[in-house]
Each structure stands twice: as C-alpha cells, then as structure tokens.
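J.: A predicted structure for the sequence below; I have some questions about it.
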Amino acid sequence: MKILFDVAYLYYLPHFTPVLDELKAQGTELGIVFHSEPPATIKTQLASLAEIHIINEDDLVSFYITQNPDWIVFGHAAEIAEQLNSHCKTALILHGLGPKSTYYNASSSPIQYRFVESEHRTQTLQQLYPDKTFVTTGYTKLDPLVNGTSENIDLADKGLVPGKKTILYSPTFYPSTIEKFPKNWPEQFSDYNILIKPHYLSLIKSAYKKQRELFEHWKNYPNVYLASPEEQSLLPFMATADLMISETSSALFEFMALNKPVIVGHFLKLRVGYWGFLKYRLQKRLSDDYRLFKEIGTNINHYHELKEAVENNLRNPKLFEQQRLKYIEQIVGTVDGHCSKRVANFLLNN
C-alpha cells in the first residue's frame, strides 16, 4: 500500500509523524509532500521514514494522480480532494483541536474520511455532516508524550536553570497577546525559566514582522529560550513546562491533556476590523468550544494580572484539575498512546 501525507505547513508534521512511524513499522510505502522547501534538518530527520517530495501547489493534483497512491492524508480542508477522490481515497487529520470554527467547517471540504479525537466531537461532526465518514481515533500528536518517546528540553543546554519552575508562552499568530506584552516582561518573571514557542506563521509571514522583533528582543534575557523555526513540535516544550500561557488556542487543549495548569490571555491585539462593535467578527471565528476556556484555567483580561495568575497556579497546580479532567475526554479523547496506531490500522484495512 502507498500512502502520501500532504504537508502544506511544517506544523502539520507533529500530527503526521506518529502515524508515519506506525505505518513504516508495517512496511507501508510512504511519501511526504511539502508545498515548499523545508529546512534541511527536517528533511534529514524524515529521510529514513518516507520519500520526500517538494511540489508547487499548482502542480499538486497532477503529481498526486501520477503517483497513484492508495491514500492521501491532508492536514487541512483541501479542496483539491475533489479532483483526487476518483483516483484514491482521501483523509483528514486536522492540525489542531479548535476552538476556531474552522475546526468544524473543515469537514465541508470534499475529503472523504476524517479522523476525530473524541466520540463527543465525532457525534457533533456527524450531525453537521451526515453524509461524511468520521473515525474516532484520539489525538495522534500526543502519542509520543504518552509513550515517552518525546524528549524534554535540556534546560541547562539552553542556558536556563533546571531547578526553577518553567513557564511556556506559546502564543498563536492572530488574534494574539504578543504585542500586548511589555518589552521587559521576562525581567518581571526572572524567578522562572521562560520557553517561548511561537506559532510557525508568526515566524514566516511578513504581516507578523513586529511579533518577530519582540521575540528577538525577549530571547536576549538570560531566563528565556526562544524556539527556532526548525523546532516545529510543541511536545518537548509541553513536557518540560510547569505551566502554559496562551490565548484561546488549541495548544491549551493539548497542554490540558497533560493535566497541567493553563492561563488564558484575553488581552488581544485586534485588527481595525475587529474593534468595538465589530468584535462579533472575532466571535464568528470561534466555535462553541470557546466557552470551555473559561473553565479549564485562569482567564485574565490584562497583562498586569499575569504575575499573580502564574504564582497562584504554580502554588496550586490542582486549581482547575477537575474541570481539566472533565474536558480531556470530551475534546482530546482517549489519551493512551495508541491513537496513531488506530489511524494506521484504519488506513491499512480500508
């Protein structure tokens, strides 16, 4: 059997790699299709796992038809699946957990099959799209953490202090808190290690140049380590951190699955079109899952609330534990280290 994985962006890889490992172990012919040249380090890491292809988006359809695979696995709502479904089967492993409405809207695409994290979400999606096929497998990205194959960050190697508590700041690209943080905020948290893991789009898109300038400034503080673009997986950062700070991002749901405290920042820098009465545009981008953020951790509306929130959660890490445990099964599904195996078995048996 031949299975190709479509990597439109590098941040799809942590969702795909555990499945690739399972399929490789079963002797499957595998290919990874990048839409642009990936960093050399990533190509080297993947070379033993699958054949690497770099294909321009305009040439994807003809490439896939020529390759004649049994399956193509996408990480987003790929409209080109409509032209491919008569040649092979298509599947979706979405590159996140929500809460943006695109999580649910992704199934309006012509992709035939979708692997879903939880039975609760499968039921919701099936009601929305009764003609589509959904397969409950769990969240593949977390398998390496559960199985102990994801390495922690070596704090000493990064110039940080192993004995200190470690904060993970993992902001999304938009809407984001990044530009609402003071330039000297690491100084105000000098008692802690700070890991900054930006979203990949913050690092590559011209629209987010000011965000990159702040990252470059913050990394000069002795208690800060800034992830490089090549460090695509959030897993080592999550494994190492004692607490995560982010916005209403799927990364918080992922960290929640480890039953560690989270802080949700609502002090966002919004584009002009989202100001004032037009904030309803922002709400339209978010699904009903947005309300869950109010329950899984401390929510703050201003930066000046952050220090107290961090200190309080690190003193009391079980503060929101019951709510976290309640929603892990609903959002993330079964966290048993075998999610990728379930995906791989479905692909091979169908």
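T.: That came in fine, so what should we check first? Numbering: from 1, shown residues only.
J.: from here on, contacts and neighbour counts on C-alpha atoms
T.: Fine.
J.: hang on, E79 packs against Q112?
T.: No: E79 is beyond contact range of Q112, at 11.3 Å (criterion: CA atoms under 8 Å).
J.: And the two? Which one has more around it.
T.: Neighbour totals were compared for E79 and Q112, and Q112 leads with 17 against 13 (other CA atoms under 10 Å).
J.: which residue packs closest to that one, ignoring adjacent ones?
T.: Using CA to CA, 6 or more residues apart in numbering and skipping the chain neighbours, the partner closest in space to Q112 is T90 (5.5 Å).
J.: So the one you found: helix, strand or coil?
T.: Judged by DSSP: H, G, I helix; E, B strand; the rest coil, the three-state class of T90 is strand.
J.: who touches it in this structure?
T.: When contacts are counted by CA atoms under 8 Å, 6 or more residues apart in numbering, T90 touches 71-74, 81, 84, 111-113.
J.: Which residue ranges make up the domains of this structure?
T.: Here the domain parsing of the chain from automatic domain parsing is 2-139+335-349, 151-332.
J.: L145 is nearest to which of the ones you listed?
T.: Closest of the domains of the chain to L145 is domain 151-332, at 6.8 Å (criterion: CA to CA).
J.: Quick check: mean pLDDT of that closest one?
T.: Across domain 151-332, the average pLDDT comes to 89.
J.: For it, measure first residue to last.
T.: Domain 151-332 has an end-to-end distance of 21 Å (criterion: CA to CA, to the nearest Å).
J.: Contacts only, for the residue positioned nearest the centre of the chain.
T.: For the chain, G96 is the residue whose C-alpha lies nearest the centre (CA atoms, centre = their mean; 4.7 Å). G96 is in contact with 103, 250-251, counting by CA under 8 Å, 6+ apart.
J.: Ok, V135 next?
T.: 113-116, 122 are the contacts of V135 under CA under 8 Å, 6+ apart.
J.: Repeat the analysis, applying 7 Å as the threshold.
T.: 114-116 (CA atoms under 7 Å, 6 or more residues apart in numbering).
J.: With I72 instead?
T.: Residues counted as contacts of I72 (CA under 7 Å, 6+ apart) are 3-5, 89-91.
J.: still on that earlier bit, can you pick out the ones from the contacts of V135 that are in strands?
T.: With DSSP state E as the criterion, strands contain 114-116 from among those.
J.: who wins for most neighbours among those?
T.: Going by other CA under 10 Å, V116 tops the ones in strands among the contacts of V135 with 27 neighbours.
J.: which one is it nearest to, not counting chain neighbours?
T.: Nearest non-adjacent residue to V116 (CA to CA, 6+ apart): T136, at 4.8 Å.
J.: and the one you found, what is it in contact with?
T.: Counting by CA under 7 Å, 6+ apart, T136 touches 115-119, 122.
J.: export the residues you listed to CSV and tack on distance to F173?
T.: CSV is the format used below for the contacts of T136 (distance: CA to CA, whole Å):
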residue, distance to F173
F115, 25
V116, 24
E117, 24
S118, 26
E119, 29
T122, 28
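J.: nearest to L268, of these?
T.: Closest approach to L268 among those (CA to CA): E117, at 28.3 Å.
J.: Look up the pLDDT of the closest residue to that closest one other than its chain neighbours for me, please.
T.: By the measure of CA to CA, 6+ apart, the closest residue to E117 outside its immediate chain neighbours is G138, 3.8 Å from it. Turning to G138, the model gives it a pLDDT of 97.
J.: Doesn't G138 lie inside a helix?
T.: No: according to three-state DSSP, G138 belongs to no helix; its state is coil.
J.: mind listing what it touches?
T.: Going by CA under 7 Å, 6+ apart, G138 touches 116-118, 332-335, 339.
J.: Brilliant, that's me finished.
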